[in-house]
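In: Mind folding the following:
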Amino acid sequence: MFKKEKIKDLHYIVSGVLTAAEIQAATDEVLVKYGEKAKIPGFRPGKVPLAVLRQKYGASAFGESVDKAINADLDAYVKDKKIRLAGAPKADMGAVEMGADIEYTLEFDILPTLPEFDLEKFTLTKKVAKVEDSEVKKSLENLRKSRATSEKQDAKYSAADGDVVVIDFKGFVKDEAFEGGEAKKHRLILGSGSFIPGFEEKIIGHKTGDKFDIKVKFPKEYHSKDLAGKDAKFEIEIHEIRKHNLPDLNDALAAEVGFKTVKELADHVKKILGEQYEDAAMREMRNELLDILADKVKLDIPETLVNQEVEMAKNELAQRDASEKFDEKKEQKDAQRRVKLGLILAEWGSANKVEVTRDDLQKAIWAEASRYPDPQQVFEFYNKNPNALSMVRGMLFEQKALDAMIAKTKTKEKSVKPDDLFKQAEPK
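Out: Down below sits the predicted model:
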C-alpha cells in the first residue's frame, strides 16, 4: 500500500516502497511459471532448478514482478478509494537494482463524479419545416436530370443552361496562376453550381472551339483563405458541348426507379424529404443540448484527457497541413469542451443503460459503405481495424445518449424554411 499521497482535485501523486524480499519472492513466482514451459537442454519442462532459471530469465522476471507489484498496489488503492483512473499513470522509480528496496511514485488523474442534473428543466427548440410541393417537384426534376441523355452539338450551337460542356480552364489571381485552378477536358454541367458563382453563367452563349476569358470573384467564405474574396480570371477553351435531353416525368420513368406511378414516386420523395427534415432538426437539437450541458453542468476535467485531445489535434493538423499555425489557446478551450461533454455523455449513458447493439453498428457501417463505389472495401477496413470500429461505437453511444436525454427534456416547436433548417443543423 502507498505510504504517501498528495491529492489536488482530480490529480493524484502517490508513493510506495517495494522491499527487496517481496520483490525476490514475486520474482521467484514468475520464474517458476517460466520453468513450466521453458525448454532448456538437460532439463524437462517443469523440472528446471530455480538457480538455472534465475541465471537465464532473472532480469525479465525481475522487471515483470516489479510491474505486477506496483499494479497490485495501484489496484488496491483505486478499489479502496473508490476512484477510476483517467489514463495510465506516470511512474517514477529512479534507480532500480536487483536485491535492493525500490521506492516509486505514481502520478495520475482520476475521472470525476457526474453531478446530478434535471433534464426536465432544459427546454430545446425543435425546428419544423414543411415539405412543400415545390421541393418535391425539384427532387423529381433532379431525377429527370440524372436519367437524361446527352447529344453532341455542332460548332454553330451556343451553350445553354443545363448543357454539358467539356472545357480546359486555368485560373489566375493578379496574373499569377493559383494551385488547383487548372484542368483539361473537364466535364461541367452548366447550372449545376459546381463552380464559384458567375463561372458557369459566363460560359453560357459560347460555342465549341471558343477561347475566352471570364472574370469572377471568390466568395468571402471560400474554403481557401488565399483565394477567399479575391478577384480572379479564368482562361477557357470549349472542346465540346452536349445538349441534355430530359425524359418525360411519367409512369415509365417511375417504373425505372421501382415505382408503379408518378404519384407513388412523388409520395415516396415527400416521405424521404420529411425524414431528412426530421434528421436535420434532431441534429440541431443535439447541438443545442450539447451547448446547454457544456454551460450548465459543472464538472472538473482531468488534465490528462485534455492534453491528449490537444496532442491529437496537433498531430492531425500537422498531417493535414504542416504550414498552418496551431492555435494552442483555442485548441485547449475546444479540447476542454470535448472532454467535458464526452465524460457527461459517457457517465449519463452508462448510468441510464444506453447500449450500442450489433444491429446499430451494422446499420452505421452499411450507411457509410453505401456511399462508396466498392462497399466491400469499407467492410474489410472495419474488420481489420478494431480501433476504427471502436470509434464508430463511441460515436453511436454518444448519439444514443443524447437522444435519450432529449426524450427527457421539454421541447418547443418553431417553423422554419428547409434551407434555414439545413443551414443551422450543421454540426459544431
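In: only C-alpha atoms for contact and neighbour calcs from this point on.
Out: OK.
In: Please enumerate the helices of the stretch 51-200 of the chain.
Out: Assigned by DSSP state H, counting those that start in this stretch, the helices in the stretch 51-200 of the chain fall at 133-146.
In: now it, which segments are flagged as low pLDDT?
Out: Judged by pLDDT under 70, the stretch 51-200 of the chain has no weakly predicted residues.
In: how long is stretch 171-180 end to end?
Out: Terminal residues of stretch 171-180 lie 8 Å apart, using C-alpha to C-alpha, to the nearest Å.
In: swap that for stretch 221-234, please
Out: The first and final residues of stretch 221-234 sit 20 Å from each other (C-alpha to C-alpha).
In: From the chain's centroid, how far away is that stretch?
Out: 28 Å (C-alpha atoms, centre = their mean, to the nearest Å).
In: can I assume Tyr57 is in contact with Leu31?
Out: Yes - counting by C-alpha atoms under 8 Å, Leu31 is a contact partner of Tyr57 at 7.1 Å.
In: Of these two, which one has the most company?
Out: Just comparing Tyr57 and Leu31: by other C-alpha atoms under 10 Å the higher neighbour count belongs to Leu31, 26 against 17.
In: who touches that one in this structure?
Out: By C-alpha atoms under 8 Å, 6 or more residues apart in numbering, the residues touching Leu31 are Leu50, Leu53, Arg54, Tyr57, Gly58, Ala61.
In: ditto for Leu289
Out: Per C-alpha under 8 Å, 6+ apart, neighbours of Leu289: Leu124, Leu402, Ile406.
In: Can you report how many residues neighbour the second one?
Out: I take that to be Leu402. Neighbours around Leu402, by other C-alpha under 10 Å: 20.
In: For Val96, see how far away the nearest residue in space to it that is not next to it in sequence is.
Out: Nearest residue to Leu402, sequence neighbours excluded (C-alpha to C-alpha, 6 or more residues apart in numbering): Arg286, at 6.4 Å. Distance, Arg286 to Val96, using C-alpha to C-alpha: 52 Å.
In: Likewise for Lys90?
Out: 16 Å.
In: now Gly16
Out: Gly16 is 14 Å from Val96, by C-alpha to C-alpha.
In: Next: Ile344.
Out: Taking C-alpha to C-alpha, one finds Ile344 at 41 Å from Val96.
In: if you count what's nearby, which of these two comes out ahead?
Out: Neighbour totals were compared for Ile344 and Val96, and Ile344 leads with 23 against 13 (other C-alpha under 10 Å).
In: Was I right to think Gln24 contacts Glu97?
Out: No - judged on C-alpha under 8 Å, Gln24 makes no contact with Glu97 at a distance of 11.6 Å.
In: Looking at the two, which is more packed in?
Out: The neighbour comparison of Gln24 against Glu97 (other C-alpha under 10 Å) goes to Gln24, with 18 against 10.
In: What strand or helix carries the more buried one?
Out: helix 20-37 (DSSP states H and E).
In: Ok, Ile203 next?
Out: Ile203 belongs to no helix or strand, assigned by DSSP H and E.
In: Relative to Lys243, how far out is the residue nearest to it when sequence neighbours are not counted?
Out: Closest residue to Ile203 apart from its sequence neighbours, by C-alpha to C-alpha, 6+ apart: Ala159 at 7.1 Å. Going from Ala159 to Lys243 by C-alpha to C-alpha gives 8 Å.
In: Next: Pro386.
Out: From Pro386 to Lys243 the distance is 49 Å (C-alpha to C-alpha).
In: Report pLDDT for the closest residue to Ala38 other than its chain neighbours.
Out: Of all residues not flanking Ala38 in the chain, Pro45 sits nearest, at 5.7 Å (C-alpha to C-alpha, 6+ apart). On pLDDT, Pro45 comes in at 75.
In: Alright, calling it a day.
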